[in-house]
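[1] show me how the following folds:
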Amino acid sequence: MAKTLYLECNSGISGDMTVAALLDLGASEEVLMEALDSIPADGFSVEVTRVRKSGVDCCDFAVLLDEEHENHDHDMEYLHGHPREHHHAEEPGHDHGHHHEEDHGHDHEHHHEDDHGHDHGHHHGEEHEHVHEHTHHHAHRGMKEIREMIAATKMTPHARELALRIFEIIAEAEAKAHAVPVEQVHFHEVGAIDSIVDVVAAAVCLDNLHISEVIVPKLCEGTGTVRCQHGVLPVPVPAVANIVAKSGLCLEIMDVQGEFVTPTGAAIAAAVWTGSELPKRFKIDRIGLGAGKRTYERPSILRAMLIEPEAQDDGMTKGSTAPQVGETLQENAAARKNISDPKDIIWKLETNIDDCSGEVLGYVMELLFEAGARDVHYYPVFMKKNRPAWQMNVICDERDISRMEEIIFRETTTIGIRRMQMERTVLARENREVDMSAGRVQVKVCRYGNVTKYYPEYESVKRLSRETGRSYQDIYQDTVSACRTTEKR
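    Here you go, the predicted structure:
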């Protein structure tokens, strides 16, 4: 049966909080552990327990790292600018990895080591070792390594697609933050094995629960700074801000110091949300509480609910820019392989500009793209009294209209902008990296029915053309051929 998931992110969202909440909702722990056991990496173990946060019983999902892979993620003094080697300050009653207040007899731990051998028993309260031969530890992983790890992990096609989508969202956000192409992004914190486990686990649990809609009214974030691989950064960190801006999720800044929304948590929400408004009336079928690890003034708890809208209220969101859905997220993913929702809505901004040079218009175009415009173009027109001028058109999402208009009014001589809401039909698309003999090429893959089209990205082809001395067309055609060959296998 199709289900609606409501994520109440009033205390933020992270990968481990999401997984814990979904397990508490009833996602199969056995299915999850089978998937996590197959991840080709070592240096971690997984533990599912019950903990108390501010007196409330919650599920806790923990990825425990060995000394070599430790990243200080739960060391509050280190996170907020005071480096220490091995200090972990936890919330009282949440002593992670040692003992848990009010343990309910649910202690499920899996270890990943260096030799190969498996104990497939899944009995609560016992320790289960799953030992692996794999030694794929990377200090900094790129999308190529991430894809290889996920491809080797035992999970359904839909769960795998969802996990890849989450990482693509993170990669795009990091690429924008560092002004580099997506294929050059090397993950730091999010490329660490604990974050990889969180993403895979969230995808597996969402798939297992057969969720059809995901409602996320807002992401509540704190203030201040937090330490990461690049130094001490303001909250929300650039990756989170970029994910929120690109996805259309609503962000609410609380008057509380701390990082409540992590890049992994934001990417999971962005990958699955289908609406921002709850139905007026609904029944609650089940509640799941996921505990966070960090200690802040506001307890880190993610509440997830499986809800059932009443018959007279269809539960569809109003004014949301998120995509519409079908019976399940899996069915929607399959449908998107053919064609996206024909009711997809975009906005067109149109203005006539005279007394403005071509160089200025080129600069404005760059600013609009940087601000999130889907497309920008301008062409010469003749206005009244035969004055030569330009007509500029900007395609954007509704949430970006005010930002686009502000740039146009500030940077050009126009005194008015026309708005048009437009329905469109677009091909489903995905980004893919293709390994060529001379290097990697970023490719946009579009599908319609049984037809698949490949469009190598300009910057990737140009870079290889410069590096190898081969013509742009040769590299472009070779890349398309390589994509077709891969697709047939």
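
[2] please make it C-alpha for all contacts and neighbour counts, starting now.
    Will do.

[3] the residue of the chain positioned farthest from its centre and residue 357: what is the separation?
    Most distant from the centre of the chain: residue 385, at 51.8 Å, with distances by Cα atoms, centre = their mean. To residue 357, residue 385 is 19 Å away according to Cα to Cα, to the nearest Å.

[4] surely residue 151 meets residue 160?
    Yes - with contact defined as Cα atoms under 8 Å, residue 151 reaches residue 160; the gap is 7.4 Å.

[5] and the pLDDT for the residue farthest from the centre of the chain?
    For residue 385, the model assigns a pLDDT of 83.

[6] swap in the one 10 residues further on?
    Turning to residue 395, the model gives it a pLDDT of 94.

[7] leaving out chain neighbours, which residue sits closest to residue 300?
    With sequence-adjacent residues excluded and distances taken as Cα to Cα, 6 or more residues apart in numbering, residue 300 is closest to residue 292, at 4.9 Å.

[8] report the contact partners of that neighbour.
    By Cα atoms under 8 Å, 6 or more residues apart in numbering, residue 292 lies in contact with 14, 16, 17, 60, 300, 301, 302.

[9] ok, now with 6 Å
    Residue 292 is in contact with 17, 300, 301, counting by Cα atoms under 6 Å, 6 or more residues apart in numbering.

[10] any chance of a markdown table for the residues you listed, columns distance to residue 452 and secondary structure?
    Shown next, in a markdown table, are these (distance: Cα to Cα, whole Å; DSSP: H, G, I helix; E, B strand; the rest coil):
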| residue | distance to residue 452 | secondary structure |
| --- | --- | --- |
| 17 | 38 | helix |
| 300 | 44 | coil |
| 301 | 43 | strand |
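
[11] and the least confident of those residues?
    pLDDT across those is at its lowest for residue 300, which sits at 88.

[12] next one: that residue from residue 144, what distance?
    33 Å.

[13] looking at those two, which one has more neighbours?
    In this view residue 300 and residue 144 are compared by other Cα atoms under 10 Å, and residue 300 has more residues nearby, 24 against 15.

[14] the more buried one against residue 13, yeah?
    No - using Cα atoms under 6 Å, residue 300 is not in contact with residue 13; the gap is 8.3 Å.

[15] immediately after the helix or strand harbouring residue 36, which helix or strand?
    Applying DSSP states H and E as the criterion places residue 36 in helix 29-37. Remark: after helix 29-37, the chain's next helix or strand is strand 44-53, criterion DSSP H and E.

[16] buried ones in that next one?
    Across strand 44-53, burial judged by 16 or more other Cα atoms under 10 Å covers 44, 45, 46, 47, 48, 49, 50, 51, 52, 53.

[17] same deal with stretch 356-370?
    Using 16+ other Cα under 10 Å as the test for burial, stretch 356-370 gives 361, 364, 365, 367, 368, 369.

[18] again, but for stretch 402-412
    For stretch 402-412, burial by neighbour count (16+ other Cα under 10 Å) applies to 404, 405, 408, 412.

[19] now those as CSV including distance to residue 281 and pLDDT?
    Shown next, in CSV, are those (distance: Cα to Cα, whole Å; pLDDT from 0 to 100):
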residue, distance to residue 281, pLDDT
404, 36, 89
405, 37, 91
408, 42, 92
412, 48, 91
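
[20] in helices, which of these fall?
    Taking DSSP state H, the ones among the buried residues of stretch 402-412 that sit in helices are 404, 405, 408.

[21] show me what the helix or strand that contains residue 220 is packed against.
    Using DSSP H and E, residue 220 falls within strand 219-223. Helices and strands touching strand 219-223, by 3 or more Cα pairs under 6 Å, 6 or more residues apart in numbering; DSSP states H and E, are strand 251-257.

[22] mean confidence score for the strand it packs on?
    Mean per-residue pLDDT for strand 251-257: 91.

[23] list the buried residues of it.
    251, 254, 257.

[24] now stretch 434-448
    Across stretch 434-448, burial judged by 16+ other Cα under 10 Å covers 434, 440, 441, 442, 443, 445, 446, 447, 448.

[25] reformat those residues as JSON lines; add secondary structure.
    As requested, those are exported to JSON lines (DSSP: H, G, I helix; E, B strand; the rest coil):
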{"residue": "434", "secondary structure": "strand"}
{"residue": "440", "secondary structure": "strand"}
{"residue": "441", "secondary structure": "strand"}
{"residue": "442", "secondary structure": "strand"}
{"residue": "443", "secondary structure": "strand"}
{"residue": "445", "secondary structure": "strand"}
{"residue": "446", "secondary structure": "strand"}
{"residue": "447", "secondary structure": "strand"}
{"residue": "448", "secondary structure": "strand"}
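
[26] one step back: which one of residue 151 and residue 160 is surrounded by more residues?
    The residue with more neighbours, out of residue 151 and residue 160, is residue 160; 21 against 16, by other Cα under 10 Å.

[27] most widely separated two among the buried residues of stretch 434-448?
    440 and 448 (25.5 Å; Cα to Cα).

[28] so, low pLDDT: which residues of the stretch 151-300 of the chain?
    Along the stretch 151-300 of the chain, the parts satisfying pLDDT under 70 run over 182-191, 229-230.

[29] do a quick rundown of the strands in it.
    All strands of the stretch 151-300 of the chain, identified by DSSP state E, counting those that start in this stretch, fall at 186-187, 211-215, 219-223, 225-228, 231-234, 251-257, 282-291.

[30] what about residue 158, how many residues nearby?
    For residue 158, the neighbour count with other Cα under 10 Å is 20.
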